[in-house]
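In: predicted structure and sequence below. I'll ask about it afterward.
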Amino acid sequence: MSLTGRTVLLIIPGGIAAYKALELVRLLKREGGRVRAVLTEAGAQFVTPLSLQALTEEKVYTDLFSLTDESEMGHIQLSRAADLLVVAPASADILARMAAGLASDLATTLLLATDKPVLVAPAMNVRMWTHAATVANLATLKARGVSVVKPEEGPMACGEFGPGRLAELPVILEAIRAHLTPAARPLAGQHALVTSGPTHEPIDPVRYIANRSSGRQGHAIAAALAALGARVTLVSGPVTLPDPAGVAVVKVETAAQMLAACEAALPAEIAVFAAAVADWRVAEPAALKLKKAPGAEVPELHFLPNPDILATIAQRAENRPRLVVGFAAETHDLLAHAVAKRLRKGCDWIVANDVSDRSGVMGGAENEIHLVTEAGVEDWPRLPKEAVAGRLADRIAAEFSGD
Ligand code: CTP
């Protein structure tokens, strides 16, 4: 009964394989899971709400309006009360609507509103599956963290042969188990604090000092730790990124606010400081906008040092997180600076990366890092920032399991 206490929200779009969703419900229930089913209008052409209701032993949700008898936020609650959202069989149409971020019916509204992991098991005609539009939509969804159970190759109901058949149910079940069982959540019960993005230090009410950090790496780390089961608090400076799924986000602007938010978030077992915090702030930000006047002097800015958030938390006597990870963004002598920074700041690990212009890391999609620990330096290959995040989260999980 590996799924006892876990809830799957099963979304069934239209498709000839929709009947297999009924068997999937039965398998999930046999494992002790709770299944709430959502049937799209097209899905209801293939399976009936009544069969689903009998198998799930729950009310079946068929369209947006069925929720109006609940509170106004019914659809949000429905999507968040589940541990996992599963779309099976995922048609080309629903994948396209998910990729576009549409909320044109209950199913897509739930998928857009959820903060829980999403797994899709596509099934469609081989030409639809290999069409550039579907390929691009899947790539978009994967980049956003959606898991995909790939379809299989074989004869199809439409008479053609090729990839596009819904994966075998035991394969889908295994993918669901992998998301929901404790082994997939090695950081369950741990609280992780992550900082991300730049800070903005005001000069006057309309101007500020900032840097080129996009927050992409820090946000990906928060998402990766949450995916391993950690409760994550993400303290983020101003970024244009969406909040990662399943993460509590505290939005700040300045370094002082970021430090206060980090301290308020303690205790935490894990702390990863990926933010590009401004080292200095303007000593006295002007209360009114600085105006230029003909012949007037150019304003002179006086700076004060900002608190070092990483060092402050790493050197706390009380409530120091068990594992404190800092970043070292360097343009030269990377490893020497990173090794020295680990000792100077008092953190356990330093994730060192080259942010010189030629590396393209700052604001870019990839990162090439070196993990500096007490034991030495691990060189990682150049990877997308999401993959760096996943690897770091795995490394942290291994540390906590004593591997
Ligand atoms: N950091 C921080 N608070 C600051 C400055 C930096 O928490 N006020 C953290 C960053 O989040 C990062 C690490 O310290 O994890 C290293 O930041 P970096 O800017 O690379 O190093 P600095 O401490 O600024 O040292 P230097 O300017 O010499 O490179």
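Out: Structure received. Residues are numbered from 1 along each chain as shown.

In: just the pLDDT for the closest residue to R231 other than its chain neighbours.
Out: Once flanking residues are discounted, R231 sits nearest to H191: 4.9 Å by Cβ to Cβ, 6 or more residues apart in numbering. All C-beta atoms are positioned from the backbone trio N, CA, C, and that covers glycine. Per-residue confidence (pLDDT) for H191: 98.

In: so what's H191 up against?
Out: 230-233, 265, 267-270 (Cβ atoms under 8 Å, 6 or more residues apart in numbering).

In: out of these, flag the one nearest to A389.
Out: Nearest to A389 among the contacts of H191, counting by Cβ to Cβ, is V232 at 11.7 Å.

In: what's across from the closest one in the sheet?
Out: A192 (DSSP bridges).

In: tell me the contacts of the nearest residue to V146 once chain neighbours are set aside?
Out: Once flanking residues are discounted, V146 sits nearest to V118: 4.8 Å by Cβ to Cβ, 6+ apart. The contact partners of V118, taken as Cβ under 8 Å, 6+ apart, are 84-87, 111, 145-147.

In: what's the answer for A245, then?
Out: Applying Cβ under 8 Å, 6+ apart, the residues contacting A245 are 114-117, 145, 223, 226.

In: how much space is there between it and T140?
Out: A245 sits 15 Å away from T140, taking Cβ to Cβ, to the nearest Å as the criterion.

In: cool, and A340?
Out: Separation of A340 from T140 (Cβ to Cβ): 41 Å.

In: show me which of the contacts of H191 are buried.
Out: 230-233, 265, 268-270 (16 or more other Cβ atoms under 10 Å).

In: so what does the lowest-mean-pLDDT helix or strand in the chain touch, helix or strand wise?
Out: Using mean pLDDT, DSSP states H and E, the weakest-scoring helix or strand in the chain turns out to be helix 74-80, at a mean of 81. Applying 3 or more Cβ pairs under 8 Å, 6 or more residues apart in numbering; DSSP states H and E, we find helix 74-80 packed against helix 106-113.

In: neighbouring contacts of the helix it packs on?
Out: Taking Cβ under 8 Å, 6+ apart as the rule, helix 106-113 contacts 9, 11, 13, 38, 40, 61-64, 66-67, 75-76, 78-80, 85, 87, 94, 97-98, 101-103, 118.

In: what residues of that helix count as buried?
Out: For helix 106-113, by 16+ other Cβ under 10 Å, it's 106-112.

In: which of those sits closest to the ligand?
Out: Of all those, L112 has the smallest distance to the ligand: 31.6 Å, by Cβ to the nearest ligand atom.

In: relative to H75, how far out is the closest one?
Out: L112 is 10 Å from H75, by Cβ to Cβ.

In: can you list the residues of the stretch 51-200 of the chain near the ligand?
Out: Counting by Cβ under 6 Å from any ligand atom, the residues of the stretch 51-200 of the chain close to the ligand are T195.

In: please enumerate the strands of the stretch 51-200 of the chain.
Out: In the stretch 51-200 of the chain, strands defined by DSSP state E, counting those that start in this stretch lie at 84-90, 118-122, 147-148, 152-155, 161-165, 191-196, listed in chain order.

In: and the residue of the stretch 1-150 of the chain nearest the ligand?
Out: In the stretch 1-150 of the chain, the residue that lies nearest the ligand is G145 (23.4 Å; Cβ to the nearest ligand atom).

In: residue contacts, that residue?
Out: 117-118, 223, 227, 244-245, 386.

In: in stretch 333-349, which residues are buried?
Out: Residues of stretch 333-349 classed as buried: 334, 337-339, 341-342, 345-349 (neighbour count, 16+ other Cβ under 10 Å).

In: need the max-distance pair from those residues.
Out: L334 and G346 (20.1 Å).

In: mind giving me the domain split of the chain?
Out: 7-184, 191-401 (automatic domain parsing).

In: comparing these, which yields the minimum mean pLDDT?
Out: Among the domains of the chain, domain 7-184 carries the lowest mean pLDDT, at a mean of 90.

In: ok, A387 - how many residues close by?
Out: By other Cβ atoms under 10 Å, 16 other residues sit near A387.

In: likewise for the one 10 residues further on?
Out: Neighbour count for A397, taken as other Cβ under 10 Å: 20.
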